[in-house]
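In: Sharing a sequence plus its predicted fold:
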Amino acid sequence: MIYCNHPNKDQIKATDLIMKRDSRFLTAFSDFGVDGIIYGNKLALICIPENFGIVIESSMLSNTLSNLYEYIWKIA
């Protein structure tokens, strides 16, 4: 998981092992308010505050955002 400037950073990191995840944090950005999930050639964008979500099936979009995610993961 990549978090943007999350106030509970220490608490999240402390539960990584239990949750079977690895968390990274970007301090240069504030929260974008939208979560993204990439699965195969599908991309889900979810905005909980606005009660909205969309699934897009596109190899080009999922590949592009997967590459962007990998880059951000390395610098986080």
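Out: Thanks, I have it.
In: What's the local residue count around the residue lying closest to residue 41 once chain neighbours are set aside?
Out: Distances taken as Cβ to Cβ, 6 or more residues apart in numbering put residue 59 closest to residue 41, at 4.4 Å, once the chain neighbours are dropped. Backbone N, C-alpha and C define where each C-beta goes, glycine included. Other residues within reach of residue 59, judged by other Cβ atoms under 10 Å, total 10.
In: residues of the lengthiest helix in the chain that come out buried?
Out: With secondary structure taken from DSSP state H, the chain has its longest helix at helix 59-75. Residues of helix 59-75 classed as buried by neighbour count (16 or more other Cβ atoms under 10 Å): 62, 65.
In: other SSEs contacting it?
Out: strand 2-4, strand 35-39, strand 42-47 (3 or more Cβ pairs under 8 Å, 6 or more residues apart in numbering; DSSP states H and E).
In: Not counting its own residues, what contacts that helix?
Out: With contacts defined as Cβ atoms under 8 Å, 6 or more residues apart in numbering, helix 59-75 is touched by 2, 24, 26, 36, 38, 39, 40, 41, 42, 43.
In: Pull the contacting residues for the fifth one.
Out: Read it as residue 38. Residue 38 makes contact with 44, 62, 65, 66, 69, according to Cβ under 8 Å, 6+ apart.
In: one more time with 6 Å
Out: In this structure, residue 38 makes contact with 62, 65, 66, judged by Cβ atoms under 6 Å, 6 or more residues apart in numbering.
In: Return the distance of the helix or strand of the chain with the lowest mean pLDDT from the chain's centre.
Out: Sorted by mean pLDDT, DSSP states H and E, the helices and strands of the chain end with strand 2-4, the least confident at a mean of 77. Here the centre of strand 2-4 is set off from its chain's centre by 6 Å, with Cα atoms, centre = their mean, to the nearest Å.
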